[in-house]
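[1] Test case, fold it:
(one chain, ligands or ions: 1)
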Amino acid sequence: MGGPGVRLERVGGGAVSSTSGGVGGEGSGSRRRHDPAFEALLANNREWVREQLEYDPHYFRKLAEKQKPWLLFIGCSDSRMNVNHMLGTRPGEVFIHRNIANQAFSDDPNFQAVLEFALQHLHVRHVVVAGHTRCGGTRAALAGMEGGAVGAWLTPLKELAARHREELAAIPGDLERQNRLAEVNVQVQVANILQSPPYRGALGAGDAPELHGWILDLASGLIREMELPEMG
Ligand SMILES: [Zn+2]
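    Here you go, the predicted structure:
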């Protein structure tokens, strides 16, 4: 077993045969690439900590004690949707769930656990589903993307596009069609939450949060509130 020179990259006792390229003699440094953006992250983190402490010496001690978020935010994974920045909220205020094209399925255990926890334990006062313009998810769904995990994940969005085929076909312009699908998607996901057991339970207990549907316009940074399906 190993000896003092065991490295993480080595599998077992060296029984891996040389069936693929790059074998032998590369050592543990072979996976490291020079990436200044990544290498700056921990220094950035220390700088951020320094700034916070300058502003409030007890900031992290208070933050670490507990979280009391009042908003559940369900957004797209898109890197341009910067939740706390765009809303002016601070750590501890927003409980966040994100996935490609901000979907809120009843059969997604990840999302259902987030929703249940947010409603039953955190008792958030508001739930927001936020889509955005120029969403790669809606673009891929409209293009009928197949295959892989992404293709599977987008299946409900492709079905939604098919259900709205006529309306979408009447819209001139790919981007406008994508953006319209993003709007319809937000409305559908809010409706999914309305039907979900955690929301129904909260409603029965007189503790239901307010639901909201938003579209973030990436080109302006502004958020627009959507008309929602009939509540209750
Ligand atoms: Zn997106």
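[2] excluding its backbone neighbours, what's nearest residue 221?
    residue 86 (6.9 Å; C-beta to C-beta, 6 or more residues apart in numbering). Placement of C-beta: from N, CA and C, glycine included.
[3] Report how many residues lie close to the one you found.
    Counted with other C-beta atoms under 10 Å, residues neighbouring residue 86 total 15.
[4] likewise residue 145?
    18.
[5] Name all residues that make contact with it.
    151, 154, 158 (C-beta atoms under 8 Å, 6 or more residues apart in numbering).
[6] Drop anything exposed from these.
    154, 158 (16 or more other C-beta atoms under 10 Å).
[7] these two touch, right, residue 223 and residue 213?
    No: the criterion here is C-beta atoms under 8 Å, and residue 223 misses it with residue 213 at 10.6 Å.
[8] Now list whatever residues contact both of these two.
    residue 130.
[9] For residue 95, the count of nearby residues, please.
    There are 21 residues near residue 95, going by other C-beta under 10 Å.
[10] Backbone dihedrals for the closest residue to it other than its chain neighbours, please?
    Nearest residue to residue 95, sequence neighbours excluded (C-beta to C-beta, 6+ apart): residue 69, at 4.2 Å. Residue 69 adopts backbone torsions of phi -70, psi 150, taken as degrees, to the nearest 10.
[11] I figured residue 69 was touching residue 97, is that so?
    No: Residue 69 is not in contact with residue 97 according to C-beta under 8 Å; the separation is 11.6 Å.
[12] can you give me the helices in the protein?
    For the chain, helices defined by DSSP state H occupy the ranges 36-39, 41-55, 59-65, 83-87, 109-116, 136-142, 148-153, 155-163, 165-169, 174-195, 197-204.
[13] Remind me what the second one packs against, helices and strands.
    Using 3 or more C-beta pairs under 8 Å, 6 or more residues apart in numbering; DSSP states H and E, the elements in contact with helix 41-55 are helix 59-65.
[14] The most centrally placed residue in the chain bridge partners, please.
    With the centre of the chain defined as its mean C-alpha position, the nearest residue by C-alpha atoms, centre = their mean is residue 98, 1.6 Å away. Using DSSP bridges, the beta-bridge partners of residue 98 come out as residue 75.
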